[in-house]
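Asks: test case, fold it:
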Amino acid sequence: MDHIQEMIDKLGLDNQITLDDIPQIDLYMDQVIQLFENKFSSSKRNEDEKVLTKTMINNYAKGKLFFPIKNKKYSKEHLILISLIYQLKGALSINDIKETLFKVNEKTSMNLFNLNGFYESYLHVASKNIVNFNEDIVGKSTDVKNEIDLLDDPEKGDLQKILMIASLVNMSNLYRRAAEKLVDELASDQKKKEKN
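Replies: Numbering: from 1, shown residues only. Below is the predicted model of the structure:
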């Protein structure tokens, strides 16, 4: 696993839709898909993978993951929300995403929220996460190599990759579970507010 930095570089971790990437005019669905495809195509695992499809967007709309569009066009606010959904869908269920973005959607649809500022904060935190990830994954790679070196096995290279995969999935599950716990807290808080 000497090529860990090369692998990290190929992940396209800093691919994000920034506010500058979003046009000031409303877009039709095909234009939204093209924007996402252009931005995230280098992050795809393989050529057959789709970044965003009409079906996905329609499912997000039906699931009320973002407030309704007007005249078949998506506003800057919709694109920000779709970008957040794109990031969240890798770890959370559609229902959890809906719960997570409920307050953001509600406040944005009533013009009571600075969605641009919130999204800039998200991008800033995501940028810091990449730095932390790079440092962490190099450390994990060293830990895994040290563990495998203790084994007396001729296929240490494969075992090192397998243990690294297991370690990364374990960390991913821990973070996902923590996120789900926060989603449950948001849902509980919302129910309490509705009762009052």
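
Asks: just to be sure, residue 15 is in a strand?
Replies: No - under DSSP: H, G, I helix; E, B strand; the rest coil, residue 15 sits outside any strand and is assigned coil.

Asks: and the gap between the nearest residue to it once chain neighbours are set aside and residue 56?
Replies: With Cβ to Cβ, 6 or more residues apart in numbering as the criterion, residue 15 has its nearest non-adjacent residue at 4.9 Å, and that residue is residue 43. (C-beta placed from N, C-alpha, C; glycine too.) According to Cβ to Cβ, to the nearest Å, residue 43 and residue 56 sit 15 Å apart.

Asks: for residue 111, give me the pLDDT.
Replies: You'll see residue 111 listed with a pLDDT of 89.

Asks: so which helix or strand takes in the most centrally placed residue in the chain?
Replies: Geometric centre of the chain, nearest residue: residue 87, 1.9 Å, by Cα atoms, centre = their mean. Here residue 87 sits within helix 76-88, counting by DSSP states H and E.

Asks: which of the residues in the helix or strand that comes right after that helix are buried?
Replies: For helix 76-88, the succeeding helix or strand toward the C-terminus, using DSSP H and E, is helix 94-109. Going by neighbour count (16 or more other Cβ atoms under 10 Å), the buried part of helix 94-109 is 94, 96, 97, 98, 99, 100, 101, 104, 105, 108.

Asks: repeat that for stretch 11-27.
Replies: Using 16+ other Cβ under 10 Å as the test for burial, stretch 11-27 gives 13, 16, 17, 22, 26, 27.

Asks: run the angle between the longest helix seen in the chain and helix 94-109 for me.
Replies: Taking DSSP state H as the criterion, the chain has its longest helix at helix 156-195. With axes from the mean of the first three to the mean of the last three Cα atoms, to 10 degrees as the basis, helix 156-195 and helix 94-109 are set at 50 degrees to each other.

Asks: low pLDDT regions in the chain?
Replies: 1-2 (pLDDT under 70).

Asks: farthest residue from the center of it?
Replies: Farthest-from-centroid check, the chain (Cα atoms, centre = their mean): residue 152, 39.2 Å.

Asks: for residue 8, see how far away the closest residue to residue 87 other than its chain neighbours is.
Replies: Leaving aside its sequence neighbours, residue 87 sits nearest to residue 126 (Cβ to Cβ, 6+ apart; 7.7 Å). Between residue 126 and residue 8 the computed distance is 15 Å (Cβ to Cβ).

Asks: quick one: secondary structure of residue 68?
Replies: Following three-state DSSP, we place residue 68 in the coil state.

Asks: got the phi and psi for it?
Replies: With angles defined as degrees, to the nearest 10, residue 68 sits at phi -60, psi 150.
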